[in-house]
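# Prediction below, plus the sequence it came from.
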Amino acid sequence: MTALPVTSLYAALSGLLLLALSLLVIRARLAARVALGLGEDVRLLRASRAQGNFTEYAPLTLLLLLLLEAAGSGPALLHLLGGLALAGRVLHAIGISREPETLILRQAGMALTFAVLGLAAPLLLLRLAAG
């Protein structure tokens, strides 16, 4: 068993989500016949931004989760943070990918992502301060 089982779980699930988002970009590129850039295709833009936004937020979220787990945070807290982060990224991706977009899903996804960042970072600082 891995020494960091909770972070490993959410890293693996995040990897699968990134793969799915990447395949959606490829499918949109083929449909739009755009090999490089975005052309004028809104669906390609949306697929690309869903993937891009995921890659902008997921790494830091996973890093915070990893550091909290390494510092000894309990599995319940880690699963809460990891589950909220993953749910946030899924909701955001669904919301932004649709044309027209489903704004409430996009907003809910960002709210969950910001909640995780807003909880995990101070919790890590508290662990550092406590020594």
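Yep, that arrived.
# check which helix or strand covers the closest residue to Ala58 other than its chain neighbours.
In space, and not counting its chain neighbours, Ala58 is closest to Ser14: 5.2 Å by C-beta to C-beta, 6 or more residues apart in numbering. To be clear about C-beta, it is placed using only N, CA and C from the backbone, and glycine gets the same treatment. Using DSSP states H and E, Ser14 sits within helix 5-32.
# Relative to the whole chain's centre, how far out is that helix?
Between the centre of helix 5-32 and the centre of its host chain there is 10 Å, according to C-alpha atoms, centre = their mean, to the nearest Å.
# which parts of that helix are buried?
Using 16 or more other C-beta atoms under 10 Å as the test for burial, helix 5-32 gives 6-11, 13-14, 17-18, 21, 24-25, 28-29, 32.
# Give the residue spans of this protein that score low on pLDDT.
Counting by pLDDT under 70, the low-confidence segments of the chain come to 1.
# which residues of it fall in helices?
For the chain, the helices defined by DSSP state H occupy 5-32, 42-70, 75-97, 103-130.
# from the chain's centre, how far out does the last one sit?
I take that to be helix 103-130. 12 Å.
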